[in-house]
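Undergrad: quick one, structure for this:
(one chain, ligands or ions: 1)
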Amino acid sequence: MATAIKICGISSPDALDAAIAARADFAGFVFFPPSPRHIDARAAAALAGRAGAAIGRVGLFVDADDGTIAEAVRAGRLDAVQLHGNETPQRVAQVKERFRLPVWKALPVANAEDVASADRYREIADLILFDAKTPKDAALPGGMGLRFDWSLVAPYRGEIGWGLAGGLSPANVAEAISRTGAPLVDTSSGVESAAGVKDSDKISAFCKAVRAA
Ligand SMILES: O=C(O)c1ccccc1NCC(=O)[C@H](O)[C@H](O)COP(=O)(O)O
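TA: Model (predicted):
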């Protein structure tokens, strides 16, 4: 089966157009003000209108309240909600019940126990996104271009879908897929020219590399 592609942190029409032209499956919209990729509801609405049905829209939140998620779901016409903070299985279940959308739970990975913790979200989350664990004093809990030891997820046989994130780029994504068998890959800073600035050529190269893998 083809590996699905998510380009996270889309915040401009050019980046959105590049992701669609490169036939990425999902555009990630970041609703987290400290991020250089943060967009507000107005920008999300404009991007959603431009995207139409050409690409799936995943809203990324970090320990957000229902009001924040509701506004973004409406404005960005989101197809899925990605929870990238310390959300418990109970909180994931609440968000799923309240918004009636697929919920992706990001899990920070530094060791085998972190991967095993995905089991807590079984029958609750729709997809687990394994991402690199950021240092305690990091500015952001994701989107830092850090990768983790891919051999940790290679044995993962969870019952729900999963994806791989963290430091993926056009140069390493083929190797990441061949070493992990990830059904979905997610990148952000690996397709940027500066923090928060997506590079259309890198988006195109990333998607080509995934399809060639
Ligand atoms: O991208 C952000 O700014 C961000 C902020 C807060 C939480 C998560 C964030 N990004 C999460 C993603 O989905 C990224 O694609 C993932 O962490 C991989 O990022 P990168 O290592 O830069 O490819």
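Undergrad: use CA for all of it now, contacts and neighbours both
TA: Fine.
Undergrad: before we move on, what's the pLDDT of the residue nearest to Gly158 when sequence neighbours are not counted?
TA: Nearest residue to Gly158 in three dimensions, chain neighbours excluded: Asp119, at 7.3 Å (C-alpha to C-alpha, 6 or more residues apart in numbering). Asp119 is assigned 94 on the pLDDT scale.
Undergrad: again with Pro33
TA: Per the predicted model, pLDDT is 96 at Pro33.
Undergrad: Three-state assignment for it, please.
TA: Three-state assignment for Pro33 (DSSP: H, G, I helix; E, B strand; the rest coil): coil.
Undergrad: and for it, the neighbour number?
TA: 12 (other C-alpha atoms under 10 Å).
Undergrad: how close does it sit to His84?
TA: 13 Å (C-alpha to C-alpha, to the nearest Å).
Undergrad: next, the contact list for the closest residue in space to Glu159 that isn't next to it in sequence, please.
TA: Nearest residue to Glu159, sequence neighbours excluded (C-alpha to C-alpha, 6+ apart): Arg122, at 7.1 Å. If you count contacts by C-alpha atoms under 8 Å, 6 or more residues apart in numbering, Arg122 has them with Gly158, Glu159, Ile160.
Undergrad: now stretch 31-45 - C-alpha only, PDB.
TA: What follows is stretch 31-45, C-alpha atoms only, in PDB (Å, rounded to 0.1, in the frame of the first residue of the first chain):
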ATOM      1  CA  PHE A  31      -3.100  26.000  16.100                       C
ATOM      2  CA  PHE A  32      -0.500  26.600  18.700                       C
ATOM      3  CA  PRO A  33       0.500  30.300  19.100                       C
ATOM      4  CA  PRO A  34       4.100  29.700  20.200                       C
ATOM      5  CA  SER A  35       4.800  27.900  16.900                       C
ATOM      6  CA  PRO A  36       6.300  29.900  14.000                       C
ATOM      7  CA  ARG A  37       3.700  27.900  11.900                       C
ATOM      8  CA  HIS A  38       0.700  28.900  13.900                       C
ATOM      9  CA  ILE A  39      -2.300  30.100  12.000                       C
ATOM     10  CA  ASP A  40      -5.400  31.800  13.200                       C
ATOM     11  CA  ALA A  41      -9.000  30.900  12.300                       C
ATOM     12  CA  ARG A  42      -9.200  33.500   9.500                       C
ATOM     13  CA  ALA A  43      -6.000  32.100   7.800                       C
ATOM     14  CA  ALA A  44      -7.300  28.600   8.300                       C
ATOM     15  CA  ALA A  45     -10.600  29.500   6.600                       C
END
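Undergrad: could you number the chain from 348 rather than 1 from now on?
TA: Taking 348 as the first residue, the last one we looked at is stretch 378-392.
Undergrad: contact partners of that stretch?
TA: 356-358, 376-377, 406-409, 418-419, 422-424, 486-487, 542-544.
Undergrad: of those, buried ones?
TA: Buried members of the contacts of stretch 378-392, scored by 16 or more other C-alpha atoms under 10 Å, are 356-358, 376-377, 406-409, 419, 422-424, 487, 543-544.
Undergrad: which residues in the protein form helices?
TA: With DSSP state H as the criterion, the chain has helices at 360-368, 388-398, 413-423, 436-446, 459-463, 520-527, 547-559.
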